[in-house]
Each structure stands twice: as structure tokens, then as C-alpha cells.
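Asks: here's my sequence, what's the structure:
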Amino acid sequence: HIPQGPVCTNLGLKPGQRLTVKGKIAPNAKSFVMNLGKDATLLGLHFNPRFDAHGDVNTIVCNSKKVEEWGAEHREGVFPFQKGGTVEITFGVNQNDVTVQLPGHQFTFPNRLNLPVFDYFDTQGDFTLQSLSWE
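Replies: As a prediction, this is how the structure comes out:
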């Protein structure tokens, strides 16, 4: 069972805006998830840092989901997370992709579903949300 954190459903994030997430990673974390999209069935960005889950160790896996259909997994080679640590992650919405800013690293993930606006955000797994801000 994956613990479900808060769910936001009316963000209205458009290109040029960004969402900053701060929180604490569980001391015995295996993985956590942040989803950004139109709603729970249309996810433009499924962001899944894995300490040790699904055969991945210290790997960030990103994907998109359209209803029940997942896209191709994208893996990032960096892993700036520590068990029991706090972290700040910023998701910047652009016209054709989302910029993910991590401590000391950033990458982009394409907006495969061509979502004009990101309304939905949730967190799951071994992560406690402390603050959420957007501009």
C-alpha cells in the first residue's frame, strides 16, 4: 500500500508558471511519486524517484499516463535525494515540456499529452509534503 499525500485539483498552471514543492523524505524510503497533469487519469508528468523499488536503485523514473496507458519511461542519471532528508523540487511549465529543477540539477520532460494547463498535483509514497507554492 502506497501512502497517499495531499491532492490538488485546481492549480491552473500555464506555460511560464511554476510549482515549488518542499517536503521530507522518509528515513526508510523506497520511493516516492509526484504527479502533475489535468486530473488523476491524464498525467503529463509522473515523477518517481526510486531509492530501491521495481528493480531500480537511486534512479529517477519519469513517465506520462493517458487514462490507463503509460508512455515510455524516461530515466535520469542523477539522484540528489537522501533518505530522511528534506528536498525542494520545482516544476516549471513550458509550452512543450516541463522543466524539473532538483538540487544541483535540472532536466526537461516533454508535454506528451499537449496539456494546455496543469490543474492536478498529488504526492504518494515515502514523502511528506511540507509546503506547496506556485507563481
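Asks: contact partners for the closest residue to Leu129 other than its chain neighbours?
Replies: Distances taken as C-beta to C-beta, 6 or more residues apart in numbering put Gly23 closest to Leu129, at 4.6 Å, once the chain neighbours are dropped. Bear in mind the C-beta positions are built from the backbone N, C-alpha and C, glycine included. Applying C-beta atoms under 8 Å, 6 or more residues apart in numbering, we find Gly23 in contact with 86-87, 123, 127-131.
Asks: how far away is His46 from Lys65?
Replies: 6 Å (C-beta to C-beta, to the nearest Å).
Asks: wait, I meant Lys24
Replies: For Lys24, the distance to Lys65 - C-beta to C-beta - is 26 Å.
Asks: neighbour-wise, which of these two wins?
Replies: Taking other C-beta atoms under 10 Å, Lys24 and Lys65 do not tie; Lys65 has more neighbours (19 against 15).
Asks: buried ones in the strand or helix carrying Thr20, by neighbour count?
Replies: Element membership of Thr20 [criterion: DSSP states H and E] is strand 18-25. By 16 or more other C-beta atoms under 10 Å, the buried positions in strand 18-25 come out as 18-19, 21, 23, 25.
Asks: could you redo those residues as a markdown table and give each row pLDDT and distance to Phe107?
Replies: Converted to a markdown table, those look like this (pLDDT from 0 to 100; distance: C-beta to C-beta, whole Å):
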| residue | pLDDT | distance to Phe107 |
| --- | --- | --- |
| Arg18 | 96 | 15 |
| Leu19 | 97 | 16 |
| Val21 | 97 | 16 |
| Gly23 | 97 | 20 |
| Ile25 | 98 | 19 |
